[in-house]
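**Student:** No sequence on hand, only this structure:
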Ligand code: CA
């Protein structure tokens, strides 16, 4: 779970980003203009990551870079600002996305940065199932359960996009890539195996006419034996 600042003047976009990052378990602060962002950052407020729109009222995203200190930044830019994007990377941003962007893409970029800065959760507990993303190990009720590489890759995508409904096509693409020589039935087969092996029949929901969703209830979060984040 990370502490993320969203600076975006378009309220619907700002709200959508917050909602999606909250589903992934992150805590977000929202600001809507450059002046407020400057004040917040200059006050020494600490964040794990900033999602920063380029075109903002009062002070633009690039100018705000001098206040972000060591905090990683993902810029949001319009497609027409191609040269600006490059300038953005030159001024220290870690990544950028062009508008309109897919929320799943943003979540993936956020996760990558959090992994790099070691702010991402490496161990996740869902009920009696423990998943170690770094060691690629799964333990069910104290017993190590072996997953195939493909099963683990699919599980990772479900965890990364927890509480979001994903189509079979999207799961296939995110887990194994466009070049993967399977069809969407392969997703069903692997979901069945994951549910059974990890005892996640209740948590991996079938979404009617869409695909699947890994449901993790935030309010039931507890600590697991290892002291890491636990969700039951
Ligand atoms: Ca804007």
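**Tutor:** Noted; the coordinates are in hand. Keep in mind the model is a prediction, meaning the values are calculated, not measured.
**Student:** Can you pull the residues of the chain lying near the ion?
**Tutor:** Selection of the chain residues close to the ion by C-beta under 5 Å from the ion yields 9, 53, 55. The C-beta positions use only the backbone N, C-alpha and C, and glycine is treated the same way.
**Student:** pretty sure the second one is touching residue 76, no?
**Tutor:** The reference is to residue 53. Yes: Residue 53 lies in contact with residue 76 (C-beta atoms under 8 Å); the separation is 4.7 Å.
**Student:** Give me the common contacts of those two.
**Tutor:** Residues touching both residue 53 and residue 76 (C-beta atoms under 8 Å, 6 or more residues apart in numbering) are 8, 13, 61.
**Student:** Near the closest residue to the last one other than its chain neighbours, how many other residues are there?
**Tutor:** Which is residue 61. Ranked by C-beta to C-beta, 6 or more residues apart in numbering and with sequence neighbours excluded, the top spatial neighbour of residue 61 is residue 54, at 4.1 Å. Residue 54 is flanked by 22 other residues according to other C-beta atoms under 10 Å.
**Student:** returning to that earlier point: out of the shared contacts of residue 53 and residue 76, who's the most crowded?
**Tutor:** residue 61 (28 neighbours).
**Student:** so the residue in the chain that the ion sits nearest to, which of the three states?
**Tutor:** When scored by C-beta to the ion, the chain has residue 55 as its residue closest to the ion, at 3.9 Å. Here residue 55 is recorded as coil under DSSP: H, G, I helix; E, B strand; the rest coil.
**Student:** State the pLDDT value of it.
**Tutor:** Residue-level confidence at residue 55 comes out at 91, pLDDT.
**Student:** Confidence-wise, which helix or strand of the protein is lowest on average?
**Tutor:** Scoring the helices and strands of the chain by mean pLDDT, DSSP states H and E places strand 221-223 at the bottom, with a mean of 43.
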